[in-house]
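S.K.: could you work out the structure for the sequence below:
(chains A, B, C and D)
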2 protein chains.
Amino acid sequence: MAKSDRKSEDGIKQTVATSVDPVAFGSVRRATSYDVARMAGVSQSAVSRCFAPGGSIAPATRAKVMKAATELGYRPNALAQALITRRTNLVAVFISRLTNLHYPEVLAEISRQLTDRDIRVLLFALTAESEIDSILEQVWRHDVDGIISAARLDNDQIAGIRRHGIPIVLYNRTAGEHLTPSVWCDSTTGERDLIDRLLAAGHRRFAVVAGPEDSAVGEERRQAALARLVEAGIVDTPVVRGDFSYASGREAVAIVANATPSLDAVVCVSDVMAIGAIDGCRFDLGLRVPDDISVVGFDGSDPAGWMSYQVTSIRQPVRRMTAAAVQMLMERIEDPTLPAERRSFVGAFVPGKSARF
Amino acid sequence: MAKSDRKSEDGIKQTVATSVDPVAFGSVRRATSYDVARMAGVSQSAVSRCFAPGGSIAPATRAKVMKAATELGYRPNALAQALITRRTNLVAVFISRLTNLHYPEVLAEISRQLTDRDIRVLLFALTAESEIDSILEQVWRHDVDGIISAARLDNDQIAGIRRHGIPIVLYNRTAGEHLTPSVWCDSTTGERDLIDRLLAAGHRRFAVVAGPEDSAVGEERRQAALARLVEAGIVDTPVVRGDFSYASGREAVAIVANATPSLDAVVCVSDVMAIGAIDGCRFDLGLRVPDDISVVGFDGSDPAGWMSYQVTSIRQPVRRMTAAAVQMLMERIEDPTLPAERRSFVGAFVPGKSARF
DNA sequence: CTGTTAGCGCGTTCAC
DNA sequence: GTGAACGCGCTAACAG
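M.R.: Numbering: from 1, shown residues only, chains lettered A, B, ... in the order given. Take a look at the predicted model:
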């Protein structure tokens, strides 16, 4: 096969095939159930029944059909199937910030679990929450069987989904005033656990690195932490908001440390921000972690376990949570009248080494 | 709304709604083009033309139709549309190891670019490469318009895809003997760049932390590095294979350091393994990086830039690469006779601080 | 158990 | 410019 090598203007090397193999191109129409029927000498509906779960069909004809089917490489067309059964075996998954290190694990698990149940994933990776409305348009048009959302939905959006009768499960999100099926990692228990340990170890001057105001998990964790501190008689704890990024964690700790003399402990609402905070302490402030200052996180993401950080944290039981989400969704696809249900999981304490105990 | 709180055996708290709002359930059939036609007092085909790109329709009737359409909340059904136009506006994306920190960025970008073109993503996150065959079954059945694969495909699989006439673009993968459209970050240039700099700085005793044998990128990088070293008269460079994980990088460096006296420089074929190697050097071997030993990586993933690591590396131009992949795919969806083409991009050197220069 | 028939919702000729 | 009629590929009643 003839090739030509050249360099284009912007330094991109290209290799272009100048001849095309005409045989390999599939203008071959896919085999339909009619083709199979003709070849097997039966009716089209007999073919259909062969591929249906409980289709009543005689072993003899079944054999004939299957033979023709494999010979023609026949597979039932999912589109036509879905059009009539009103089941697409498609689930839409909304993920708000894929680059945030905790979500790839969540997505991978959800995908695996759904694939095991022979369901396909229609992925919507949001860059801005504002995209949701246009995404929902697509979702209606595609007749997905259900939705798993790790992105925030407002009341109108939830209402729209209900109106369309599409089952949904929220993942670590709340949904305004509607009672909506959801799985949730209980931040309250986790934050209290962390702070109790910090208090017991003698920490007295705290700061909280929170998330953006519109983050439900972030807010719950912030409030839980502050509430526990107030209970312990510690008030006026400074709060700095980040955006769940490394950089924001690093900046936050610099800001708060300068404004807070004798800062003891930094409570971050996510591991990545905790990692940023640790680096901020070490490289920007010249502090030793945990000797001079303690930093704790939340999530249990992979990098939090790396030797250079070993973040003291709460690990979300991702596997159990995603399994619950998928199961709840499937149940509601089977029976849409099922009531809303909220399953909340408690995370596990990860000792790490970023906090002094 | 009545609720009941209880604790289940395994410590999972549940909140269950015991009554259901019967009004909210959408047994309401979606509006079809016929419904709109009836309400607007026109024919169904008129409605169809209203929503078609270049449909010839009188402004007056168009107005009537649109009014009825919005009133009924009508949206063309994507399934029926696809069944007849043979265009699903669906692209399958294969990703082999979502948890590997470089891919979330790739996936997010691909998703964004496709969404911008009004195309939906059917995600297949592989846990084992062996799953591909069963995944392809699903792909046939769903009539996707195209495939972007960041997972390895063998000759038979590529042949099958060709036979089905489905355009495909490979992302950082090769495809056996077939010439297949692909985008690629040129490892050779990158590795040579890194090694030239290491040599210039006086490094002499190298080790390579490679990927698994079946990883095309991993192998290309390993070979490129070794080739450059041989050119420079450095032979018998030890190679240890990892699996692109942090742990494997850490273990690899421990193994190779023990077996190689006066080890100078560790060349890792991925950033995450480089991070593992750095931690291995620091925490397992008690070496200072980069004073005692240099470590370089490849990819330019986010965590590689974190202060505690600052990995010297080559950053893949993810944005341009994904844009190229999407563009190539779209071109081939429009015109399937387009010849195969390979676009290779060169990465940018990231100085970092994990190597002594 | 089998074949015939009637749609699922829509795009697309083709006469008018 | 418009509507009637057909068909995409399939499942689901129904009669035999």
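S.K.: tell me where the stretch 201-350 of chain A has strands.
M.R.: With DSSP state E, counting those that start in this stretch as the criterion, the stretch 201-350 of chain A has strands at A:206-210, A:239-241, A:265-268, A:294-296, A:313-315, A:341-345, A:348-350.
S.K.: against which helices or strands is the second one packed?
M.R.: Packed against strand A:239-241 by the contact rule (3 or more CB pairs under 8 Å, 6 or more residues apart in numbering or on different chains; DSSP states H and E) you find strand A:206-210, helix A:246-259. Glycine gets a C-beta too; all of them are placed from N, C-alpha and C.
S.K.: what comes into contact with it?
M.R.: Here strand A:239-241 makes contact (CB atoms under 8 Å, 6 or more residues apart in numbering or on different chains) with A:207-213, A:222, A:226, A:252-253, A:255-256.
S.K.: select only the buried ones of those in ChimeraX?
M.R.: In ChimeraX, a selection of the buried entries from these looks like this (16 or more other CB atoms under 10 Å in any protein chain shown):
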select /A:207,208,209,210,211,222,226,252,253,256
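S.K.: where does A:Phe94 fall, secondary structure wise?
M.R.: strand A:90-95 (DSSP states H and E).
S.K.: redo the contacts of strand A:239-241 as CSV? Include distance to chain B and pLDDT.
M.R.: Converted to CSV, these look like this (distance: CB to the nearest CB, whole Å; pLDDT from 0 to 100):
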residue, distance to chain B, pLDDT
A:Ala207, 20, 98
A:Val208, 22, 98
A:Val209, 16, 98
A:Ala210, 21, 97
A:Gly211, 18, 95
A:Pro212, 18, 93
A:Glu213, 23, 92
A:Arg222, 21, 97
A:Leu226, 22, 97
A:Ala252, 15, 98
A:Val253, 12, 97
A:Ile255, 17, 96
A:Val256, 18, 95
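S.K.: all helices of the stretch 51-200 of chain A, in order?
M.R.: Assigned by DSSP state H, counting those that start in this stretch, the helices in the stretch 51-200 of chain A fall at A:59-72, A:78-85, A:103-116, A:132-142, A:155-163, A:187-200.
S.K.: surely A:Asp279 and A:Arg250 touch.
M.R.: Yes - the pair A:Asp279 and A:Arg250 qualifies as a contact (CB atoms under 8 Å) at a distance of 5.5 Å.
S.K.: sorry, back to before: the helices of the stretch 51-200 of chain A: which one's closest to B:Ala274?
M.R.: Among the helices of the stretch 51-200 of chain A, the nearest to B:Ala274 by CB to CB is helix A:103-116 (19.2 Å).
S.K.: end to end on stretch A:300-313, go ahead and measure it.
M.R.: End-to-end distance for stretch A:300-313: 6 Å, by CA to CA, to the nearest Å.
S.K.: distance between that stretch and the chain's centre?
M.R.: 20 Å (CA atoms, centre = their mean, to the nearest Å).
S.K.: check stretch A:41-54 too.
M.R.: Its chain's C-alpha centre and that of stretch A:41-54 lie 39 Å apart, by CA atoms, centre = their mean.
S.K.: show residues contacting it.
M.R.: Outside stretch A:41-54, the residues that touch it by CB under 8 Å, 6+ apart are A:33-34, A:36-37, A:40, A:55-57, A:61-62, A:64-66, A:69, A:74, A:76.
S.K.: which residues of chain A lie near DNA strand C?
M.R.: Contact residues (CB under 7 Å from any atom of the strand) of chain A with DNA strand C: A:42-46, A:49, A:56-58, A:60-62, A:80, A:83-84.
S.K.: for stretch A:226-242, list every residue counted as buried.
M.R.: For stretch A:226-242, a neighbour-count test (16+ other CB under 10 Å) marks A:Leu226, A:Arg228, A:Leu229, A:Ile234, A:Thr237, A:Pro238, A:Val240, A:Arg241, A:Gly242 as buried.
S.K.: only alpha carbons, please: show that stretch as PDB.
M.R.: C-alpha atoms of stretch A:226-242 as PDB (Å, rounded to 0.1, in the frame of the first residue of the first chain):
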ATOM      1  CA  LEU A 226     -18.300  23.400  62.200                       C
ATOM      2  CA  ALA A 227     -21.200  21.900  64.200                       C
ATOM      3  CA  ARG A 228     -18.900  19.500  66.000                       C
ATOM      4  CA  LEU A 229     -16.500  22.200  66.700                       C
ATOM      5  CA  VAL A 230     -19.100  24.400  68.200                       C
ATOM      6  CA  GLU A 231     -20.300  21.600  70.400                       C
ATOM      7  CA  ALA A 232     -16.800  21.400  71.700                       C
ATOM      8  CA  GLY A 233     -16.800  25.100  72.500                       C
ATOM      9  CA  ILE A 234     -14.700  26.100  69.500                       C
ATOM     10  CA  VAL A 235     -16.300  29.000  67.700                       C
ATOM     11  CA  ASP A 236     -15.300  31.500  65.000                       C
ATOM     12  CA  THR A 237     -13.500  28.800  63.000                       C
ATOM     13  CA  PRO A 238     -12.400  30.400  59.800                       C
ATOM     14  CA  VAL A 239     -13.700  29.000  56.500                       C
ATOM     15  CA  VAL A 240     -12.100  29.300  53.100                       C
ATOM     16  CA  ARG A 241     -13.900  28.100  50.000                       C
ATOM     17  CA  GLY A 242     -12.100  26.100  47.200                       C
END
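S.K.: pull the contacting residues for the residue nearest to A:Gly218 when sequence neighbours are not counted.
M.R.: Once flanking residues are discounted, A:Gly218 sits nearest to A:Gly211: 2.5 Å by CB to CB, 6 or more residues apart in numbering or on different chains. By CB under 8 Å, 6+ apart, the contact list for A:Gly211 reads A:Val217, A:Gly218, A:Glu219, A:Arg221, A:Arg222, A:Arg241, A:Gly242, A:Asp243, A:Phe244, A:Val269, A:Ser270, A:Met273.
S.K.: where are the low-confidence patches of chain A?
M.R.: Scanning chain A with the threshold set as pLDDT under 70 gives A:1-28.
S.K.: what does it put close to DNA strand D?
M.R.: Residues of chain A that fall close to DNA strand D, judged by CB under 7 Å from any atom of the strand: A:29-30, A:32-34, A:44-45, A:48, A:51-52, A:74-77, A:80-81, A:83-85.
S.K.: ok, now which ones touch A:Val121?
M.R.: Contact partners of A:Val121, counting by CB under 8 Å, 6+ apart, are A:Leu90, A:Val91, A:Val93, A:Ile110, A:Ser111, A:Leu114, A:Thr115, B:Leu122, B:Leu123, B:Phe124, B:Ala125.
S.K.: common neighbours of A:Asp279 and A:Arg250, please.
M.R.: Joint contacts of A:Asp279 and A:Arg250 (CB under 8 Å, 6+ apart) are B:Met307.
S.K.: ok, A:Arg212 to DNA strand C distance?
M.R.: In this structure residue A:212 is Pro, not Arg. Distance, A:Pro212 to DNA strand C, using CB to the nearest atom of the strand, to the nearest Å: 39 Å.
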